[in-house]
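**Student:** okay, here's the prediction I keep looking at, along with the sequence it came from:
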Amino acid sequence: MPGGSFIPDDYLAVKKRLALLYADHPDAAITTEILSWQDGFVLAKATVQAGRAAVAHAFGKLGGEKALEKIETAAVGRALVHFGYPATESDLERAVQEKKKRHAAGPAQNTGTQSVTT
């Protein structure tokens, strides 16, 4: 999503990114935690762990249908992005192509990925 624009047709749903995570890392673990719940607002934290970890947060207002679940899901989605699972189909395709190029180049070209926290 360069430039911050959101294209709904390009969005890769969190449930699809979770399926990709578990296909790559069957023993992966995801935890969520409510850090703050005050005056109708919630701050959630999500951690994705599979040999390394990525952490992200989401903040939102309660009131709508399944509002808490949506805030937690937003945090999980952000943690998945930090772990390396893009939020858009086009970014996922680019990542797949880059991975294929690295593998074709041989082991000397492969580099590790570091976890990022927000």
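**Tutor:** Received it, and whenever you're ready, just let me know what you need.
**Student:** could you pull out the buried residues of the lowest-mean-pLDDT helix or strand in the chain?
**Tutor:** Among the helices and strands of the chain, helix 89-105 carries the lowest confidence by mean pLDDT, DSSP states H and E, at a mean of 75. Within helix 89-105, the residues scored as buried using 16 or more other Cβ atoms under 10 Å are 91-92. In this view, the C-beta of every residue, glycine as well, is placed from N, C-alpha and C.
**Student:** for stretch 106-117, what is the average pLDDT?
**Tutor:** For stretch 106-117, mean pLDDT rounds to 52.
**Student:** meant to ask about stretch 57-70
**Tutor:** Here the average pLDDT along stretch 57-70 is 95.
**Student:** could you count how many residues lie near the nearest residue to Ser90 once chain neighbours are set aside?
**Tutor:** Spatially, and ignoring its direct neighbours in sequence, Ser90 is nearest to Asp10 (5.5 Å; Cβ to Cβ, 6 or more residues apart in numbering). Look at Asp10: counted by other Cβ atoms under 10 Å, it has 14 neighbours.
**Student:** tell me the contacts of the residue nearest the centre of the chain?
**Tutor:** The centre of the chain sits closest to Leu80, judged by Cα atoms, centre = their mean, with a distance of 1.8 Å. Neighbouring residues of Leu80 by Cβ atoms under 8 Å, 6 or more residues apart in numbering: 14, 17-18, 21, 48, 54, 87.
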